[in-house]
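prediction below, plus the sequence it came from.
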Amino acid sequence: MLTYLESIATILKKSRSQEYLTILKIFIYYQ
């Protein structure tokens with residue numbers, strides 16, 4: 001799970017706010 005979180009963190013650093021919200025929703029959905 002930590003690897004998954006690190007992957008998201010890396011993506012977020014390269015993403016805009018809208019993409020961040022989308023990924024966050026997906027993360028919450030799968031959790």
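Great, that's in hand. In this text, all values refer to a predicted model and were calculated from it rather than measured experimentally.

make it CA atoms for all contacts and neighbour counts henceforth
Fine.

who's in contact with I23?
I23 makes contacts with I8, as judged by CA atoms under 8 Å, 6 or more residues apart in numbering.

that one sits in which helix or strand?
helix 17-30 (DSSP states H and E).

pull the distance from that helix to the chain's centre.
6 Å (CA atoms, centre = their mean, to the nearest Å).

buried residues, that helix. List them.
Y20, I23 (16 or more other CA atoms under 10 Å).

what lies in contact with the helix or strand of the chain with the lowest mean pLDDT?
Least confident helix or strand, the chain: helix 2-14 with a mean of 78, by mean pLDDT, DSSP states H and E. With contact meaning CA under 8 Å, 6+ apart, helix 2-14 is reached by E19, Y20, I23.

run the last query once more with 6 Å
Y20 (CA atoms under 6 Å, 6 or more residues apart in numbering).

can you dump the C-alpha atoms of that helix in CSV for me?
Presented in CSV, the C-alpha positions along helix 2-14 are these (Å, rounded to 0.1, in the frame of the first residue of the first chain):
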residue,chain,number,x,y,z
LEU,A,2,2.9,2.4,0.7
THR,A,3,4.2,1.8,-2.8
TYR,A,4,0.8,2.8,-4.1
LEU,A,5,0.7,5.9,-2.0
GLU,A,6,4.2,6.8,-3.2
SER,A,7,3.1,6.4,-6.8
ILE,A,8,0.2,8.7,-6.2
ALA,A,9,2.4,11.2,-4.5
THR,A,10,4.7,11.2,-7.5
ILE,A,11,1.8,11.7,-9.9
LEU,A,12,0.4,14.5,-7.8
LYS,A,13,3.6,16.4,-7.9
LYS,A,14,3.3,16.4,-11.7
